[in-house]
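Chemist: Sequence and computational prediction follow.
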Amino acid sequence: MKLISTFILSLLFSLFSITSDGQSFRKEYKSWKKNYKKTFRIDNSSPLGRVGTWRLKFFKPRSVFKITANLEKIDNGPVISFPTTTGKTMDYQPYAKAFFNVYSQPCTLIVYRSAKAITQKTYENFLFVPFRDYTSGDESFGGGRYIDLKVSDITDNKVVIDFNRAYNPYCAYNTAYSCPVPPAENSLPLEIRAGEKTFKRRGRAAKVQ
């Protein structure tokens, strides 16, 4: 009887932990989404302005897409000029390789840092993960999506990559904006049905020019 009671208590504790974790995940996501939309209203360069955020669409948040990745630091990586959607270039430096699994499938992404971080301390904590996946050009923006990280997020060569927070570049809303195109090595071989969806304007999905 005592053994059964212990088992039941253990089961209830596990269920409580799962429920608590789920509530925490949803709360954090809701806060992120609220702040994300807020940036469009307060940013003077916003392509949507104060009233356009109601048109933003997102996949349903799922904790399975909040992933802890192992990092392999890239020391003194060469500065790379990324092509952009307007034909210009933007300079980034590879910072680390991120290794993780999605549905048991091994995946790799290169984490970048703006080349400005080499000379300007303002940028040294900010990391950038541009990527494409099998939803790109269909359910999500064809030019790929971005995830922001910080050097301070890294602990013991691990970092949490939350694809639920993947967002569209500004050129997804207005082709006048210049946005770096994710490199081929950051194309994931599966669907990431998380984060921001394709933005539709005037009855059609925004396309890469």
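Modeler: Alright, I've got the coordinates. None of these values were measured; they are calculated from a predicted model.

Chemist: And this protein, what are its domain boundaries?
Modeler: Domain segmentation of the chain under automatic domain parsing yields 1-50, 57-205.

Chemist: for the record, mean pLDDT for the longest one?
Modeler: Average pLDDT, domain 57-205: 94.

Chemist: Next one: V151 from F126, what distance?
Modeler: Distance from V151 to F126, counting by CB to CB, to the nearest Å: 8 Å. For the C-beta atoms, the positions are set from N, CA and C on the backbone; glycine is no exception.

Chemist: cool, D43 as well?
Modeler: 16 Å.

Chemist: contacting residues around K197?
Modeler: Counting by CB atoms under 8 Å, 6 or more residues apart in numbering, K197 makes contact with K57, F58, F59, E139, S140.

Chemist: same deal with K57?
Modeler: E196, K197, T198, F199, K200.

Chemist: Most neighbours of all these, which one?
Modeler: E196 (21 neighbours; other CB atoms under 10 Å).

Chemist: Can you classify Q93 as helix, strand or coil?
Modeler: State at Q93, reduced to three classes by DSSP: H, G, I helix; E, B strand; the rest coil: strand.

Chemist: ok, now V64?
Modeler: Criterion first, three-state DSSP; result for V64: helix.

Chemist: what about it, how many residues close to it?
Modeler: By other CB under 10 Å, 10 other residues sit near V64.

Chemist: Same check on N164?
Modeler: For N164, using other CB under 10 Å, the count is 23.

Chemist: the helices in the protein, which residues?
Modeler: 2-42 (DSSP state H).

Chemist: Now the terminal residues of stretch 108-125, how far apart.
Modeler: With CA to CA, to the nearest Å applied, stretch 108-125 spans 21 Å between its terminal residues.

Chemist: That one: which residues count as buried?
Modeler: For stretch 108-125, burial by neighbour count (16 or more other CB atoms under 10 Å) applies to L109, I110, V111, Y112, R113, S114, A115, K116, A117.

Chemist: could those residues go into a markdown table alongside distance to E28?
Modeler: Shown next, in a markdown table, are the buried residues of stretch 108-125 (distance: CB to CB, whole Å):
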| residue | distance to E28 |
| --- | --- |
| L109 | 21 |
| I110 | 26 |
| V111 | 21 |
| Y112 | 24 |
| R113 | 25 |
| S114 | 26 |
| A115 | 31 |
| K116 | 29 |
| A117 | 27 |
